[in-house]
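Q: Sequence and predicted structure below; questions after.
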Amino acid sequence: MKKLYGVIGDPVAHSMSPIMHNDLFQLYSVDATYVAFHVKPENLQDAVKGFRAINLAGLSVTVPHKQMIMPLLDEIDPLAEAIGAVNTVVNDHGRLIGYNTDGSGYLEGLKKEVPSFMDKNMLLIGAGGAARAIYYTLAQAGVKKVDIANRTVEKAEYLVNNCPFPKNSEVLSFKEAEEQLAKYDVIVQTTSIGMHPDIEASPLSVEKLKSTSLVSDIIYSPLETKILREAKQKGARIQNGIPMFTYQGALQFEKWTGIFPDMDRMQSVCLKQLGGKSC
Ligand code: NAP
């Protein structure tokens with residue numbers, strides 16, 4: 001019987017996941033289909049009950065359900081538990097198991113650009129949900145130093161203080177980060193600043209950026225944010241949010257089917273949707 005997978009979110013109509021996963025099911029001749037389910041927060045509990053009733057094979061979970069779905073599942077993977085958010089659900093013979101592939105998806109994309117990332121000085125800009133997944137994954141991997149700059153400094157402090165993995169981190173204001181930017185080999189922009197439609201916004205000036213650094217922005221709409229454009233002008237390497245998005249999806253697909261998919265194919269499917277070129 002055809003298996004059913006899906007993504008739940010509110011809103012969810014914009015999600016590229018159905019196109020990405022259906023293309024992979026077709027490519028690998030998996031008898032399955034993937035649909036978007038628009039689920040309001042007040043209906044999440046009923047929706048999960050319904051997924052159990054129809055034996056849904058797996059789920060992607062997006063905003064605002066990543067935390068709220070956790071108590072509704074049967075088991076949570078330790079990294080997802082530490083991060084405090086689930087973006088992937090696997091139905092293992094009726095048991096719903098929650099994982100988080102956002103941080104590991106980011107890390108896979110980073111490894112391609114900076115294979116020696118473990119020894120680098122990194123700066124994370126932002127302390128929201130995506131930053132938390134990335135920070136905990138970097139800490140778990142044992143990266144030498146990861147500092148965090150956020151508008152609300154207390155949120156960055158909370159993130160560092162509650163990280164269950166060994167870490168070496170300072171918390172900075174945006175102004176302090178701007179002044180010390182030359183210290184960092186990898187700068188990871190995780191705030192929503194610069195995202196469509198507010199594309200002329202940037203969290204900080206890259207005046208002091210060194211040209212050997214990588215600036216990575218997890219936003220993919222637009223494909224080149226203002227901070228990436230300015231970093232490129234300074235001679236630095238840049239990476240947009242497509243690698244993180246496609247790798248988190250690839251890791252989901254692997255959990256559901258046991259197949260690690262063709263990344264070039266996934267990237268080109270997403271880029272076609274977004275109408276641009278990766279960087
Ligand atoms: P979130 O939990 O709401 O966190 C938002 C972050 O942005 C916080 O650090 C917040 O700072 C900061 N921020 C928002 N508006 C700001 C402003 N005007 N000035 C200064 N700081 C501001 O959001 P999230 O889920 O982490 O998502 C963040 C971004 O990542 C979004 O653009 C999302 O599309 C993108 N994303 C991409 C992927 C991918 O696969 N590529 C995956 C997940 C998310 P405060 O703490 O001070 O409020």
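A: Everything's here; your move.

Q: for Asn240, phi and psi?
A: Torsion angles at Asn240 (phi, psi; degrees, to the nearest 10) stand at phi -100, psi -170.

Q: what does Ala149 give?
A: Dihedral pair for Ala149: phi -110, psi 130, per degrees, to the nearest 10.

Q: element containing the nearest residue to it once chain neighbours are set aside?
A: When the adjacent residues along the chain are set aside, Ala149 lies closest to Ala177, with 3.7 Å between them (C-beta to C-beta, 6 or more residues apart in numbering). Glycine gets a C-beta too; all of them are placed from N, C-alpha and C. Using DSSP states H and E, Ala177 sits in helix 174-179.

Q: Check which element follows that helix along the chain.
A: Next along from helix 174-179, by DSSP H and E: strand 186-189.

Q: Could you point out which residue ranges in this protein have low pLDDT?
A: 276-279 (pLDDT under 70).

Q: Please enumerate the helices of it.
A: Taking DSSP state H as the test, the helices found in the chain are 17-27, 44-53, 78-83, 102-113, 129-141, 153-161, 174-179, 226-233, 242-257, 263-274.

Q: Need phi/psi at whichever residue of the stretch 1-150 of the chain sits closest to the ligand.
A: Of all residues in the stretch 1-150 of the chain, the one sitting closest to the ligand is Gly128 (1.8 Å; C-beta to the nearest ligand atom). Phi and psi for Gly128, reported as degrees, to the nearest 10, are phi -90, psi -160.

Q: residues contacting it?
A: By C-beta atoms under 8 Å, 6 or more residues apart in numbering, Gly128 lies in contact with 155, 190-192.

Q: Got a PyMOL select line for the buried ones in these?
A: PyMOL command restricting those to the buried ones, with burial defined by 16 or more other C-beta atoms under 10 Å:
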select buried, resi 155+190+191
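
Q: Name the nearest residue to Leu4, ignoring sequence neighbours.
A: Leu56 (5.5 Å).

Q: who in the protein is up against the ligand?
A: Residues of the chain lying close to the ligand by C-beta under 6 Å from any ligand atom are 63, 102, 126-131, 150-152, 155, 190-193, 195, 218-220, 241, 244-245, 248.

Q: list the contacts for the residue nearest to Ala149?
A: 123, 125, 147, 149, 204.

Q: What is the most widely separated pair among these?
A: Spatially, the most separated pair among the contacts of Ala177 is Asp147 and Leu204, at 12.9 Å (C-beta to C-beta).

Q: At the geometric centre of the protein, which residue do we find?
A: Asp102 (3.6 Å; C-alpha atoms, centre = their mean).

Q: residues in contact with that one?
A: For Asp102, the contact set (C-beta under 8 Å, 6+ apart) comprises 83, 85, 87, 130, 133-134, 244, 248.

Q: Kindly report the same for Asn150.
A: Asn150 touches 125-127, 131, 156, 171, 174, 191, counting by C-beta under 8 Å, 6+ apart.

Q: switch to 10 Å and redo it
A: 124-128, 131, 156-159, 171-174, 177, 190-191, 203 (C-beta atoms under 10 Å, 6 or more residues apart in numbering).

Q: do Leu251 as well
A: Contacts of Leu251 by C-beta under 10 Å, 6+ apart are 87-88, 99-102, 104-105, 108, 260-261.

Q: mind putting those in JSON lines, distance to Asp74 included?
A: JSON lines is the format used below for those (distance: C-beta to C-beta, whole Å):
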{"residue": "Asn87", "distance to Asp74": "17"}
{"residue": "Thr88", "distance to Asp74": "14"}
{"residue": "Tyr99", "distance to Asp74": "13"}
{"residue": "Asn100", "distance to Asp74": "16"}
{"residue": "Thr101", "distance to Asp74": "18"}
{"residue": "Asp102", "distance to Asp74": "21"}
{"residue": "Ser104", "distance to Asp74": "21"}
{"residue": "Gly105", "distance to Asp74": "23"}
{"residue": "Glu108", "distance to Asp74": "27"}
{"residue": "Phe260", "distance to Asp74": "25"}
{"residue": "Pro261", "distance to Asp74": "26"}
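
Q: ok, which pair from these is furthest apart?
A: Using C-beta to C-beta, these reach their maximum pairwise distance at Asn100 and Pro261, which is 18.9 Å.
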